[in-house]
Structures are given as structure tokens and as C-alpha cells.
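> When you get a sec, could you give me coordinates for this:
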Amino acid sequence: MQELFSSIAYADDMANDSRLRQLREAAGLSLRDLAKQIGEEHSNIRYWEQSGNLPRSNVLVPMAKALGVTVEELLGESRPKRVVSPGGRSRQLFEAVSKMPRRQQEKILDILEPFVRQHANGDA
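Next up, the predicted model:
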């Protein structure tokens, strides 16, 4: 019997520290607000928060969007590092260079590297 009570107390501790609840509150949403945004019943949100069980897979993406986090964060993973890639003309140019033969790519790199080093040192 004591085992039952200690496991209930543990479940209550987990509910108080629910990641989903923390994310929902950080987003400034009530149970009903989040439920309305993702097309679920608020009782489902409460269940997921209190039980620690994961929502169905078809709910994860809309829920993450509503909370302003990634699905990975929703599942407890750390936020993936953002990979910054060039945009606009730079992106087009780098894509074109990547399709060139290796020897031509090396020539372009020989030209760019000194410029990039100079800019990185603040001498631009």
C-alpha cells in the first residue's frame, strides 16, 4: 500500500513540473487557448500535462507551432542549433560554385579566403 502512495506522490511531482505545462504557461496560453488553437479538447491537454504522456503524433506539430517551440523542444530535446546559410545572391553564387569542378572551386576559395580573413579581423 505504501508503494502505491509513494508512486502517486511521484506522479504529482511530475505533473507540477510538466514540460508541456511550462511551455504552455511561457507562451501565455490557458488550457482552453491551446486546445482551441490545435483543435483538441482542453481535457486532452490537461491529461497530457498531468500524466506526462505524449500527445498523438498528428498533434505535435500544431502544438509546437502554437507554443512557439520546435517539436524537439516539445519532446524535451535541446533546441537544435540554427545553421546560418547565405541568402539572396550569395546563396545563388555559392550553389553555382558548389556545382563547379573541384579545381575551379579551389581557385575561387583562394580568392575568397584572404578577403574573409581580412574582414574577420576587422580590417575591412
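
> what helices or strands is whichever strand or helix holds Ser90 leaning on?
Applying DSSP states H and E as the criterion places Ser90 in helix 88-98. Here helix 88-98 touches helix 102-120, going by 3 or more CB pairs under 8 Å, 6 or more residues apart in numbering; DSSP states H and E. (Each C-beta comes from the backbone N, C-alpha and C, glycine too.)

> orientation of the helix it packs on relative to helix 88-98 in degrees?
Helix 102-120 runs at 140 degrees relative to helix 88-98, counting by axes from the mean of the first three to the mean of the last three CA atoms, to 10 degrees.

> C-alpha coordinates for helix 102-120, CSV please?
Output of helix 102-120 as CSV, limited to C-alpha atoms (Å, rounded to 0.1, in the frame of the first residue of the first chain):
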residue,chain,number,x,y,z
ARG,A,102,36.8,20.8,-57.7
ARG,A,103,39.8,22.6,-59.3
GLN,A,104,37.7,25.7,-60.1
GLN,A,105,36.2,25.7,-56.6
GLU,A,106,39.8,25.7,-55.2
LYS,A,107,40.6,28.8,-57.3
ILE,A,108,37.6,30.6,-56.0
LEU,A,109,38.4,29.7,-52.5
ASP,A,110,42.0,31.0,-53.0
ILE,A,111,40.5,34.4,-53.9
LEU,A,112,37.8,34.5,-51.1
GLU,A,113,39.9,33.3,-48.1
PRO,A,114,42.1,36.3,-47.8
PHE,A,115,39.1,38.6,-48.1
VAL,A,116,37.2,36.7,-45.5
ARG,A,117,40.2,36.6,-43.1
GLN,A,118,40.7,40.4,-43.6
HIS,A,119,37.0,41.0,-42.8
ALA,A,120,37.1,38.7,-39.8
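
> List the buried residues of that helix.
Residues of helix 102-120 classed as buried by neighbour count (16 or more other CB atoms under 10 Å): none.
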